[in-house]
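S.K.: have a look at this prediction, sequence included:
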Amino acid sequence: MPYCPKCRAEYRPGIRICADCRVKLIAFLEPEEDNWVNFKEIYISYNELEAERIKAFLEENCIDCIVRSMRISPYPINIGNFSEHRIAVDEEKLPEAVELIREAIADEYISRRGTFKDF
Ligand SMILES: [Zn+2]
């Protein structure tokens, strides 16, 4: 199975480019990247576009952010419908990121459909 080296999503054989990250897929996933270790998942969005929006929003506020997509369906045909997009930030920036996401929800910049992870 090909994998995206960036978001680690798994794809069907034959697919070459990650639809989310626009990067070339690789045959095997390296063990968890070191930089992921310092990242903590803070929020789960069930909408791919929204996850991207949150990521861009956090990055605008100088918070490094990773979106990790978990395809709930084994075949990512219904991209966006059956997937979780876990947003992780640098652990040190976690309280700041939570605050920003809360504000964005209050401002209706992002929907209330996602969920915060328990810390
Ligand atoms: Zn990707």
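M.R.: Structure's in. What do you need?
S.K.: okay, now the unreliable bits of this protein?
M.R.: 30-37, 71-82, 119 (pLDDT under 70).
S.K.: ok, now with 90
M.R.: 1, 4-11, 19-20, 27-39, 46-49, 64, 68-85, 90-92, 112-113, 117-119 (pLDDT under 90).
S.K.: tell me where it has strands.
M.R.: For the chain, the strands defined by DSSP state E cover 39-45, 65-71, 83-90, 115-116.
S.K.: give me the distance from the third one to the chain's centre.
M.R.: Mean-position distance between strand 83-90 and its chain equals 4 Å (C-alpha atoms, centre = their mean, to the nearest Å).
S.K.: same question, the second one
M.R.: Counting by C-alpha atoms, centre = their mean, strand 65-71 is centred 3 Å from the centre of its parent chain.
S.K.: given it, what are its sheet partners and their directions?
M.R.: Strand 65-71 sits in its sheet next to strand 83-90 (antiparallel), going by DSSP bridges.
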